[in-house]
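Asker: have a look; sequence and predicted model below, questions after that.
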Amino acid sequence: FLLFLSACEIVALNQPIYGLLMHSLLVVALLSISSISQSQNVISFLVASLPIPMVRIVSLSAPLVEMSIIEWFLLISSLLLLSILLSLKQSGLSPREVGFRWPEKKNLPIVAIVILLGIPLGFVEHRILNLDSIVELAFARDLFVPFVAMYMGTGILEELLFRGLIQKTSIDLYGKGIGLLFTTGSFMIMHIGWDSMMDLFFVGAVGLFYSFIILRTKSLFSISISHTMVNLSLFILAPSLIKI
């Protein structure tokens with residue numbers, strides 16, 4: 001799965017139409033295998049992986065030039081939410097089982113540290129990718145709409161998918177070691193589009209760190225906000241402040 005997903009992303013980077021076709025084949029393969037499998041763990045794992053190629057199919061076919069980046073985040077978030085809800089229903093898992101719950105009081109210091117780490121991590125990734133700001137930042141209030149859009153489009157939903165749904169089903173099927181490697185590997189592969197090997201290693205390290213955090217806290221709360229703060233720093237804070 002990871003090898004074919006990598007091939008899909010590499011092809012999509014250079015030939016989007018062929019990448020679209022390959023991701024479509026991956027969806028068909030996942031659905032076909034899950035329909036004939038006799039193991040509930042296998043079915044849950046395959047269904048949990050479906051949102052990855054499904055969302056990429058949308059991203060490759062949507063008319064990016066006709067919408068702002070914020071509108072794009074909101075579009076992807078709605079589609080990702082729908083696919084995750086369908087996967088949860090088909091796998092028989094509840095949102096609570098995949099980390100959609102408040103952290104316990106004893107873990108609040110960890111939660112605070114993880115959230116605050118999001119800002120410097122975003123500046124580090126900006127150092128790697130050197131992106132321009134996606135919005136004109138004049139006042140602090142200009143961060144509110146991007147924060148909400150990024151939280152819904154990447155923060156909570158990507159963490160619910162990767163560190164929640166995929167990590168839970170892959171660990172149930174393969175065990176903790178391979179499950180964490182699969183979760184981290186699939187998360188890294190979906191960042192091939194940035195065309196930076198250094199960023200892939202950075203994303204992998206951060207993703208693995210988030211995986212250990214949810215194993216400890218059993219909650220997506222801290223890593224979903226931290227993920228949002230990484231993107232807010234990467235796309236807006238770092239390019240705006242460094243330009244000044």
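Answerer: Yes, it's here.
Asker: now do the same contact list for the most centrally placed residue in the chain.
Answerer: In the chain, the C-alpha nearest the mean C-alpha coordinate belongs to residue 158, at 3.2 Å (C-alpha atoms, centre = their mean). By C-beta atoms under 8 Å, 6 or more residues apart in numbering, the contact set of residue 158 is 80, 227. Quick note: C-beta positions are derived from backbone N, CA and C, even for glycine.
Asker: mind checking the SS state of it?
Answerer: helix (DSSP: H, G, I helix; E, B strand; the rest coil).
Asker: tell me how far it lies from residue 207.
Answerer: Relative to residue 207, residue 158 is positioned 10 Å away (C-beta to C-beta, to the nearest Å).
Asker: shared neighbours of those two, which are they?
Answerer: Joint contacts of residue 158 and residue 207 (C-beta under 8 Å, 6+ apart) do not exist.
Asker: for this protein, where's the lowest mean pLDDT among helices and strands?
Answerer: Within the chain, no helix or strand scores below helix 69-91, which has a mean of 78 by mean pLDDT, DSSP states H and E.
Asker: quick check: phi and psi at residue 38.
Answerer: phi -100, psi 0 (degrees, to the nearest 10).
Asker: ugh, wrong one, residue 135
Answerer: Dihedral angles of residue 135 (phi, psi; degrees, to the nearest 10) stand at phi -140, psi 160.
Asker: do residue 92 as well
Answerer: Dihedral pair for residue 92: phi 80, psi 20, per degrees, to the nearest 10.
Asker: where are the low-confidence patches of the chain?
Answerer: Where the chain drops to pLDDT under 70, the residues are 62-73, 138-141, 243-244.
Asker: wait, residue 100 touches residue 165, no?
Answerer: No: between residue 100 and residue 165 there is no contact, the gap being 9.8 Å when judged by C-beta atoms under 8 Å.
Asker: of the two, who's got more company?
Answerer: residue 165 (30 against 18; other C-beta atoms under 10 Å).
Asker: how about the helices in the chain?
Answerer: 2-14, 16-36, 40-49, 51-61, 69-91, 108-129, 144-150, 156-159, 167-174, 176-189, 197-217, 221-232, 238-243 (DSSP state H).
Asker: looking at these, spot the one closest to residue 137.
Answerer: helix 238-243 (4.2 Å; C-beta to C-beta).
Asker: what comes up buried for that closest one?
Answerer: 238-240 (16 or more other C-beta atoms under 10 Å).
Asker: can you name every helix or strand that it contacts?
Answerer: helix 108-129 (3 or more C-beta pairs under 8 Å, 6 or more residues apart in numbering; DSSP states H and E).
Asker: relative to the whole chain's centre, how far out is the helix it packs on?
Answerer: Chain-centre distance of helix 108-129: 16 Å, with C-alpha atoms, centre = their mean, to the nearest Å.
Asker: just want the angle from it to helix 221-232.
Answerer: On the basis of axes from the mean of the first three to the mean of the last three C-alpha atoms, to 10 degrees, helix 108-129 is oriented at 20 degrees to helix 221-232.
Asker: which outside residues touch helix 108-129?
Answerer: Here helix 108-129 makes contact (C-beta under 8 Å, 6+ apart) with 103, 194, 196, 198-199, 202-203, 206, 210, 213, 216-217, 219, 221-223, 225-234, 237-239, 242.
Asker: mind checking which of the residues you listed are buried?
Answerer: Buried among the contacts of helix 108-129 by 16+ other C-beta under 10 Å: 103, 194, 196, 199, 202-203, 206, 210, 213, 217, 219, 221-223, 225-234, 237-239.
Asker: before we move on, back to that, for residue 20, state which of the buried residues of helix 238-243 is nearest.
Answerer: Lowest distance from residue 20 to the buried residues of helix 238-243 (C-beta to C-beta) belongs to residue 239, with 30.0 Å.
Asker: much appreciated, bye for now.
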